[in-house]
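Participant: would you be able to build a 3D model of this:
(chains A and B)
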Amino acid sequence: MSGVAGHIGLDVREAERFLYREARLADEHDYDGWEALWTDDALYWVPAGGDDTDPERQMSVIYDNRHRIATRIKQLKTGKRYAQSPPSNLRRLISNVEIVTVEGTDTVVGANFLIVESRERGTTMWAGRATYRLRRAGDDIRLAYKKVVLVDSAQALFTLAFLI
Amino acid sequence: MTVQYSELIQPERVHGSLYTDQDIFAEELQRIWYRTWVCVGHVSEVARPGDYVRKKVASQDVIMTRSKDGEVSLLLNRCAHRGNLVCEDQRGNSSTFRCPYHGWTYRNTGEMLGYPYNQGYGGKGKLSLNLGRVPRVDTYQGFVFASFAADGPSLKEHLGAAAGELDRLARLSPEGEIELTAGWLQHRAKANWKLLVENETDGYHPQFVHGSVFSVTGSHIGTLYSDKSAAVTRDLGGGHSENDLRPEFRKMEPMNWFGTSEARVPDYVAKMRALHGEQAEEILIEGAPHVMVFPNLFVAEISVFMINPVAVDETVQNVTAVQLKGAPEMNRRLLSQCIGSVGPAGMLLADDSEMYERNQRGVAARVPEWLDIRRGAHRERIDENGFRIGAANDETGMRGFWSHYRSLMEGKAR
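Facilitator: Have a look, this model is predicted:
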């Protein structure tokens, strides 16, 4: 269960601070800052059609390893990723933060989120629960894994080109 | 209102109201979506007896089932009693469906089985009310097509030359069959369905809309649609069209159509050579088709799309990765590349979708009234098989689409 600050595991306040920061970087399209959070063995996953799919055999909305995260960021930074050019206006709320478990050097954290996205198409609400694996790296905390389960992952989705 | 389609659809321009008019959309449902052959799914989605999946044909809620004798049926999801849905789950396995409202039951072929408290109907066996069935169901290379018209052209007649392109897809499998078993992404766009169809074989936009991803991945796809490309756009007739990239792929090594090399998929290449002998080289070089099958099936090399209209200004594009039967080594790569490219967050399709939506907002403007489709009309030619072809980035396919659309909407073709 939750570790004490200074130990390998993170406590819930440390985890919250990280999640809030990650949320702000994504909301504000700070692509370099957001990308720098990830570890080399990163996995960024947004399942489709429920949350118990096998991403190696089933379609996902996003299933990025570290290399593909870098490609996604590079594309956004060209300024010609039209689905994000102009970028969406975004603000997200993170809540119900819980330390799920500590596995080796990783603290597994769960949280609910609600994102309001405004584009010319209209305002879209994105809600769900995310699971993160957070890892200490010296004085920093890094993100090794983020799984974003949308409440409407089984429905038809509008374009989702921002960092969720 | 009687729409004069001959006025709205001209050889080199189409009227903006075709994308915004509610009456035209309603007429399209009757004359295209509920009459001609529409692709619904693939037999591999219901592989075992009793398997079922829910599908849509425009607003029709349809259940694709496989009965114990192996037959694939398309049932309308509506109890014959009071109209309730008889199937709520998106997929599953069952030999029967039971309406939750009054407990009426049906076989997965649509035939009525029973109705509780049958004395109210004069006893058992007095009623014979079945689930509605799509009148005509046929398959080609495993793709399941539906026609709500009891008669009309056969599926083979409807597919015409597009059938050969589906054959080209299937022959990439070491067992001669593709499967669509990876589930579907459902991508919603605030745009008329025809904007999606027109975009599918538009070779003019990739350099611009997808320049961002080509530049960061070093992909050569953009140049296949450049002015120097030997690739062609072909009007296959019947509203079908393709970007034929083979003239460019033939200059390259095997598997380059997929951006990979023989060394990276050795087991697959070995299997293909064992199966096809000398012809394997040609297949491995030419790769998969890029074909739009009227009105809603699009094969983009490694991805399969099925377009479904929701409203005059809203469409859902369903997409999944092609899986080649007997090629696990390829299938992981096909899936991964497909996920990276398509769907709501795809590095290609999210930008296409942005364009459809901007188009839809634009066509609401009153002037200029027309959308231009003349590109390459002056340099079109007829190939050795009698098909109209243009350069890789010409609007030959679009003109073919509109010509067929017009004949359907005027009741001159079915």
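Participant: C-alpha from now on. contacts and neighbour counts both.
Facilitator: OK.
Participant: number of nearby residues for B:Lys228?
Facilitator: Counted with other CA atoms under 10 Å in any protein chain shown, the neighbours of B:Lys228 add up to 10.
Participant: what about it, which helix or strand?
Facilitator: For B:Lys228, there is no host helix or strand (DSSP states H and E).
Participant: and the gap between it and B:Pro247?
Facilitator: In this view, B:Lys228 and B:Pro247 are 12 Å apart by CA to CA, to the nearest Å.
Participant: try A:Asp52
Facilitator: A:Asp52 is 43 Å from B:Pro247, by CA to CA.
Participant: the more surrounded of these two?
Facilitator: Remark: of A:Asp52 and B:Pro247, B:Pro247 carries more neighbours, 14 against 9, as counted by other CA under 10 Å.
Participant: around chain A, pick out the residues from the stretch 101-250 of chain B.
Facilitator: B:181-190, B:209-213, B:216-217 (CA under 8 Å from any CA of the partner chain).
Participant: please indicate which of these are buried?
Facilitator: Those of these that meet the buried threshold are B:181-190, B:209-213, B:216, by 16 or more other CA atoms under 10 Å in any protein chain shown.
Participant: what's near enough to touch B:Asn296?
Facilitator: B:38-39, B:197, B:305-308 (CA atoms under 8 Å, 6 or more residues apart in numbering or on different chains).
Participant: could you tell me which ranges of chain B sit under the pLDDT cut-off?
Facilitator: Low-confidence segments of chain B, defined by pLDDT under 70: B:1.
Participant: contact residues of chain A facing chain B?
Facilitator: A:48-49, A:56-64, A:71-72, A:74-76, A:78-83, A:121, A:155-161.
Participant: now do the helices in chain B.
Facilitator: Listed in chain order, the helices of chain B (DSSP state H) span B:5-8, B:22-28, B:155-159, B:162-170, B:193-200, B:206-209, B:211-217, B:246-249, B:266-276, B:279-286, B:328-341, B:349-363, B:396-409.
Participant: ignore what I typed, I meant chain A.
Facilitator: With DSSP H, the ranges of helices along chain A come out as A:12-27, A:31-35, A:66-77.
Participant: need those in TSV (columns: mean pLDDT and mean neighbour count).
Facilitator: Formatted as TSV, the helices of chain A follow (pLDDT from 0 to 100; neighbours: other CA atoms under 10 Å in any protein chain shown):
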stretch	mean pLDDT	mean neighbour count
helix A:12-27	98	18
helix A:31-35	98	17
helix A:66-77	98	19
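Participant: looking at these, which is closest to B:His102?
Facilitator: Ranking the helices of chain A by proximity to B:His102 (CA to CA) places helix A:12-27 first, at 48.9 Å.
Participant: need the residues that contact the closest one.
Facilitator: A:2, A:5, A:31, A:33-34, A:37, A:89-92, A:94, A:97-99, A:109, A:134, A:141, A:162-164.
Participant: buried ones from those, can you make that a PyMOL selection?
Facilitator: Filtering these down to the buried ones (16+ other CA under 10 Å) takes a single PyMOL command:
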select buried, chain A and resi 2+31+34+37+89+90+92+94+97+98+99+109+134+141+162+163+164
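Participant: now, which of the contacts of helix A:12-27 lie within strands?
Facilitator: Of the contacts of helix A:12-27, the ones assigned to strands by DSSP state E are A:89-92, A:94, A:97-99, A:109, A:134, A:141.
Participant: farthest pair within these?
Facilitator: Farthest apart among the ones in strands among the contacts of helix A:12-27 by CA to CA are A:Asn89 and A:Ile99. That separation is 29.7 Å.
Participant: nearest to chain A: which residue in the stretch 201-350 of chain B?
Facilitator: Across the stretch 201-350 of chain B, the shortest distance to chain A (CA to the nearest CA) belongs to B:Pro344, at 4.1 Å.
Participant: can you count the residues close to that residue?
Facilitator: 28.
Participant: quick check: it touching B:Ala350?
Facilitator: Yes. Taking contacts as CA atoms under 8 Å, B:Pro344 lies within contact range of B:Ala350: 5.6 Å.
Participant: give me the common contacts of the two.
Facilitator: Shared contacts of B:Pro344 and B:Ala350, defined by CA under 8 Å, 6+ apart, comprise A:159-161.
Participant: and for residue 108, the neighbour number?
Facilitator: Using chain A. A:Val108: 24 surrounding residues under other CA under 10 Å.
Participant: not quite, I wanted chain B
Facilitator: Other residues close to B:Asn108 by other CA under 10 Å number 27.
Participant: could you measure from it over to A:Tyr44?
Facilitator: Distance from B:Asn108 to A:Tyr44, counting by CA to CA: 40 Å.
Participant: got it, and B:Arg375?
Facilitator: Between B:Arg375 and A:Tyr44 the computed distance is 42 Å (CA to CA).
Participant: of the two, which one has the most company?
Facilitator: A:Tyr44 (21 against 18).
Participant: got a list of what that one touches?
Facilitator: A:62-65, A:69, A:145-147.
Participant: now for B:Lys412, how many residues are close by?
Facilitator: There are 10 residues near B:Lys412, going by other CA under 10 Å.
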